[in-house]
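Chemist: Okay, predicted coordinates and the sequence, questions at the end:
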Amino acid sequence: MKLIVWNARGVNNDDFLSHAWGLVCTHKPDVLILLETKFDAGRAVDLRKQLNFSENKVIPARGLRGGICVFWKSTLDSLYYTEDEHKFHSLFKFHNHQPEVLITVHAPSIPRQRHSFWNDLKSNLPPSSTPWLVVEDINEVTSQGEKRGGRAFRSSYCRDFNNFTDAAGLMDLGTVGNPYTWENARYGRRVIRERLDRAITNAAFVEVFPQVKVTTLVRKYSDHNPILISLCDDPVRGPFPFRCKEVWLQHDRFKYFFVSHWKATDQCQPLLIGRNKFLSSIPYWNTNVFGNLNMQKKILLARLNGIQLSLANRYSRFLVNLEYDLIHELNLIYKKERVIWAKKAGINWSKFGDFNTKYFHTLAKARKSRGKI
């Protein structure tokens with residue numbers, strides 16, 4: 001399942017159709033969203049037929065500004081649709097076994113309208129359980145790293161946008177490829193590049209589509225790059241490069257294992273020999289000593305269930321003490337899991353150690369999808 005979002009900056013030019021047709025033939029999107037179309041509904045119907053889409057919705061342009069058009073294939077069901085001058089909300093059903101997905105698109109180019117838009121969305125958020133994808137040309141950057149050239153970034157420019165994403169619990173999916181999605185078509189020192197087009201989503205969406213990936217496509221016609229959003233991609237498979245795990249430090253036998261295996265008898269190259277000895281032994285230690293946390297958790301939960309069933313029939317001081325010890329072991333496993341997922345999410349565990357594991361899990365999925373080649 002693929003979506004393409006493209007600020008085409010007008011589609012009435014004769015050259016547009018060949019570029020759009022090449023984009024559709026190459027990437028075969030199920031949904032194509034065009035921003036700044038500067039056309040009416042009649043032109044959209046012709047374009048839908050020429051690009052071989054089944055349905056379309058149009059927000060007409062106001063003079064020389066605005067205009068949004070969304071095309072989609074017959075394999076999708078649009079269950080709900082609402083719009084105003086600069087945005088639309090559409091509830092799509094992609095597959096029978098998946099929940100509905102709410103897609104919001106907007107493209108206001110005037111700062112006052114953008115700030116009003118963020119405040120309106122902030123006061124009318126969908127339920128957190130609804131998978132929500134917001135795709136947009138936000139016409140502003142969120143950090144200095146998203147801008148090259150021109151005036152320096154100021155955090156006040158995107159304050160309303162950041163307040164909205166914080167209130168809605170949305171995360172930026174990042175992008176693969178060119179980090180900038182807009183260029184001002186100048187040369188030398190006058191060139192300005194910015195990341196204006198992006199996709200942001202909530203945790204429910206990442207849970208449904210853990211392999212979601214955003215790719216910046218080649219800029220050919222407009223001054224904006226199209227962005228491709230792939231919802232279902234091939235899963236990442238091993239072999240994965242070896243990584244030391246911070247959670248090993250919490251095991252009481254790891255220090256002894258590390259010292260005994262890193263110590264080398266050859267004094268000429270002690271560091272290299274000790275390193276190789278440690279790396280060759282750590283996979284066995286990880287599997288057989290540290291163990292599989294999921295399996296340990298299942299065993300502890302089964303034992304706790306049996307103990308609690310026995311205590312329901314008769315009291316036993318021994319079983320009460322054993323239950324207390326097993327719950328303590330279970331809590332240690334949950335703590336280790338939080339360390340693992342915080343590490344995968346690229347977050348400082350010592351600073352955010354008490355945060356929810358599901359939060360780390362979601363961030364790690366998004367980070368994993370951005371890390372694909």
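Modeler: Thanks, I have it. Residues are numbered from 1 along each chain as shown.
Chemist: where in the stretch 251-373 of the chain is pLDDT low?
Modeler: Along the stretch 251-373 of the chain, segments meeting pLDDT under 70 span 264-271, 340-373.
Chemist: Which parts of it are helices?
Modeler: In order along the chain, the stretch 251-373 of the chain carries the following helices (DSSP state H, counting those that start in this stretch): 254-262, 270-285, 293-313, 317-344, 349-352, 357-370.
Chemist: Switch these over to CSV; also include distance to Q50 and mean neighbour count.
Modeler: Where you see a C-beta, it was placed from the backbone N, CA and C, and this is true even at glycine. Putting those into CSV (distance: least, Cβ to Cβ, whole Å; neighbours: other Cβ atoms under 10 Å) gives the following:
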stretch, distance to Q50, mean neighbour count
helix 254-262, 64, 15
helix 270-285, 56, 14
helix 293-313, 52, 12
helix 317-344, 45, 15
helix 349-352, 51, 12
helix 357-370, 32, 19
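Chemist: Of those, which is nearest T216?
Modeler: Set against T216 and scored by Cβ to Cβ, those come closest in helix 357-370, at 11.8 Å.
Chemist: per-residue confidence averaged over the helix or strand containing A199?
Modeler: Element membership for A199, per DSSP states H and E: strand 197-201. Averaging pLDDT along strand 197-201 yields 89.
Chemist: for stretch 31-38, same thing?
Modeler: Stretch 31-38 shows an average pLDDT of 85 in the prediction.
Chemist: chain center to that stretch: distance?
Modeler: Between the centre of stretch 31-38 and the centre of its chain there are 23 Å (Cα atoms, centre = their mean, to the nearest Å).
Chemist: outside of that stretch, which residues touch it?
Modeler: Contact with stretch 31-38 is made by 2-12, 20, 23-24, 44, 51, 53, 58, 61, 64-73, 76, 92, 103, 105, 107, 109, 135, 137, 224, as judged by Cβ atoms under 8 Å, 6 or more residues apart in numbering.
Chemist: quick one, strands of the stretch 51-200 of the chain?
Modeler: For the stretch 51-200 of the chain, the strands defined by DSSP state E, counting those that start in this stretch occupy 55-59, 68-72, 77-83, 87-93, 101-106, 132-137, 147-148, 171-172, 182-183, 193-194, 197-201.
Chemist: and the fourth one with strand 77-83, angle?
Modeler: In terms of direction (axes from the mean of the first three to the mean of the last three Cα atoms, to 10 degrees), strand 87-93 departs from strand 77-83 by 170 degrees.
Chemist: For strand 87-93, list every residue counted as buried.
Modeler: K87, F88, H89, S90, L91, F92 (16 or more other Cβ atoms under 10 Å).
Chemist: re the thing from before, and the contacts of the strand holding A199?
Modeler: Contacts of strand 197-201 (Cβ under 8 Å, 6+ apart): 5, 7, 131-138, 165, 170-173, 175, 181-182, 212, 214, 224-225, 227, 229.
Chemist: Tell me how many other residues crowd C158.
Modeler: For C158, the neighbour count with other Cβ atoms under 10 Å is 21.
Chemist: distance of it from L272?
Modeler: Per Cβ to Cβ, to the nearest Å, C158 is found 49 Å from L272.
Chemist: partner residues bridging V105?
Modeler: F88, V135 (DSSP bridges).
Chemist: Which strands or helices does the following helix or strand past the strand holding A199 pack on?
Modeler: Later in the chain than strand 197-201, the nearest helix or strand by DSSP H and E is helix 203-208. Packing partners of helix 203-208 (3 or more Cβ pairs under 8 Å, 6 or more residues apart in numbering; DSSP states H and E): strand 132-137, helix 357-370.
Chemist: try 6 Å
Modeler: Counting contacts by 3 or more Cβ pairs under 6 Å, 6 or more residues apart in numbering; DSSP states H and E, helix 203-208 packs against helix 357-370.
Chemist: Show the backbone phi and psi for the residue lying farthest from the centre of the chain.
Modeler: Distance from the centre of the chain peaks at R314, with 50.5 Å (Cα atoms, centre = their mean). Phi and psi for R314, reported as degrees, to the nearest 10, are phi -160, psi 150.
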